[in-house]
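# Just need the structure, nothing else, for what follows:
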Amino acid sequence: MKGPMKTLIAVAAALALILVLGDALFIVSETDQVIITQFGEPKGSALTSPGVHLKVPFIQKTHFFEKRWLEWDGDPNQVPTRDKKYIWIDTYSRWRISNPLVFYQRVRDERGAQSRIDDIVDGETRNAIASFDLIELVRSSNREFEVTDETVILDVIEALEEIKLGRDRIARIILEKASAITAEFGVEIKDVQIKRVNYVDDVQRKVFERMIAERQRIASKFRSEGDGKSAEIRGQKERELKRITSEAYRKAQEVMGKADAEATGIYARAYNADPEFYQFMKTLETYRTTLSKQTWLVLSTDSEFLKYLKSAGR
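Next up, the predicted model:
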C-alpha cells in the first residue's frame, strides 16, 4: 500500500504544483498592460513590458488593459449655436489608457471609461457649439469662393462671411478641455473631430424650401432669358425669310421679264419673216382655245375671224 500511496501523493503534489504555477505565471503581450491587485488593492506599478511575469497565486489577481489607441464614436446631439440655429452635431475621438493604475482606481474598465468620455466630450462639444455661430462650424478657413449668379443661394452668401476660428480650431478647443478632464482618470485623448454637422428636421426643411425656391427663381430666369432669345431668333428668322422670299421674287421677275422679252423677240422675228403665216398660226391657236362643240358665234360674213375658214371652204 505504501507504493501506490506514494504515487498518489506524487500525482497530487504535481497537480498542485501545476495549479500553483498556472496561477502564479502570466504573459503580458505587446498590446497589453497589467495591474496586479491583492484583495482588491493594486500592488506596485503597471506592468507594460511584454513577457512572462509572476504573482502570488490565488491571492493576487491580474487586470489586463489595452495599450493601443481605442475608438470613441459619439451619438449625434441636437445643440443650439450662438446665433440660435439648432443643429445635429456628431463627433468622434481616439483615446488610450495612459496611466493604467489611475485608470483602474477611477473607472475600473473600458466600459466605465467610454461612459465617462461620453459625458466629457459631449459636454465640452455642447459648450463649444453654443459659444460660436454656425458659420464657424461649417468652415475651417476664409478661402475665397467662386460664386456666379446661377449658384448664389442664401447659405453660400452666409458662407462668404469671414470666420474667426473655424471648425478645426473649435475641435482643438474641445480636445484641449476634454483632455484636461480625462487625464484625471488615466485617459489620454489624442484627437476629437466633428464628423457631421446638420440642421434639425424643422430647420432643414425650411433650408431645403429656401434652396428650392432659389433654384426655381434661377430656373425662371433661365426660362425668361430663353424665351427672349427664342423670340429674337424667331424674329431674325422671319426677317431672313422675308428677305430671301423678296430676293427670290425679284430674281424670278427678272427671269420672267427676260423670258418674256426673249419670247417677244422670237415672235417679232417670226412675224417679220412671214407675216401671213404668223397670222395664220395665231388664228388657229385662237380657234383651238375659244371654240368647242358648245360654242355659238354670231359673226358677219366679212369678219376677220372667219377669214381662213372661208378660204378653206372655197
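# what are the phi and psi angles of residue 98?
Residue 98 has phi and psi values of phi -90, psi -30 when expressed as degrees, to the nearest 10.
# quick one: it and residue 183 touch, right?
Yes - taking contacts as C-beta atoms under 8 Å, residue 98 lies within contact range of residue 183: 7.4 Å. No exception for glycine: its C-beta is placed from N, CA and C like everyone else's.
# The helix or strand where residue 221 lies - contacts with which helices or strands?
Here residue 221, judged by DSSP states H and E, is contained in helix 201-273. Helix 201-273 sits against strand 86-97, helix 154-159, helix 275-290, with contacts defined as 3 or more C-beta pairs under 8 Å, 6 or more residues apart in numbering; DSSP states H and E.
# Find the one among these with the highest mean neighbour count.
strand 86-97 (a mean of 19; mean count of other C-beta atoms under 10 Å).
# After it, which helix or strand is next? Please name it.
Toward the C-terminus, strand 86-97 is succeeded by helix 100-106 as the next helix or strand (DSSP H and E).
# in that following helix, what's buried?
Using 16 or more other C-beta atoms under 10 Å as the test for burial, helix 100-106 gives 100, 101, 102, 103, 104.
# about what we covered before: got a markdown table for the helices and strands packed on helix 201-273, with distance to residue 252 and mean pLDDT too?
Shown next, in a markdown table, are the helices and strands packed on helix 201-273 (distance: least, C-beta to C-beta, whole Å; pLDDT from 0 to 100):
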| stretch | distance to residue 252 | mean pLDDT |
| --- | --- | --- |
| strand 86-97 | 76 | 94 |
| helix 154-159 | 61 | 50 |
| helix 275-290 | 26 | 75 |
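# With distance to residue 120 as new columns, can those be given to me in a markdown table?
Output for these, formatted as a markdown table (distance: least, C-beta to C-beta, whole Å):
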| stretch | distance to residue 120 |
| --- | --- |
| strand 86-97 | 10 |
| helix 154-159 | 31 |
| helix 275-290 | 115 |
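# Which one of these lies nearest to residue 192?
With C-beta to C-beta, the closest approach to residue 192 among the helices and strands packed on helix 201-273 belongs to strand 86-97: 4.7 Å.
# In contact with residue 73, which residues are there?
residue 92 (C-beta atoms under 8 Å, 6 or more residues apart in numbering).
# Now the phi/psi pair for it, please.
Dihedral pair for residue 73: phi -120, psi 110, per degrees, to the nearest 10.
# I'd like to know how far it sits from residue 23.
Plainly put, residue 73 is 38 Å away from residue 23 if you go by C-beta to C-beta, to the nearest Å.
# now swap in residue 121 and tell me
39 Å.
# So between the two, which is more surrounded?
More neighbours surround residue 121 than the other of residue 121 and residue 23, with 25 against 16 (other C-beta atoms under 10 Å).
# any idea which helix or strand carries that one?
Per DSSP H and E, residue 121 falls inside helix 110-130.
# Output the contacting helices and strands for that helix.
Helix 110-130 packs on strand 70-73, strand 77-80, strand 86-97, helix 167-182, strand 187-199, going by 3+ C-beta pairs under 8 Å, 6+ apart.
# Reformat those into JSON lines and put distance to residue 30 next to each item.
Formatted as JSON lines, those follow (distance: least, C-beta to C-beta, whole Å):
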{"stretch": "strand 70-73", "distance to residue 30": "16"}
{"stretch": "strand 77-80", "distance to residue 30": "37"}
{"stretch": "strand 86-97", "distance to residue 30": "14"}
{"stretch": "helix 167-182", "distance to residue 30": "24"}
{"stretch": "strand 187-199", "distance to residue 30": "19"}
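# Of these, which is nearest residue 29?
strand 86-97 (14.7 Å).
# So, low pLDDT: which residues of the stretch 1-150 of the chain?
1-3, 16, 144-150 (pLDDT under 70).
# and with 80 instead?
1-23, 142-150 (pLDDT under 80).
# Between the helices and strands packed on helix 201-273, which one is closest to residue 64.
When the helices and strands packed on helix 201-273 are compared by C-beta to C-beta, strand 86-97 sits nearest residue 64, at 10.7 Å.
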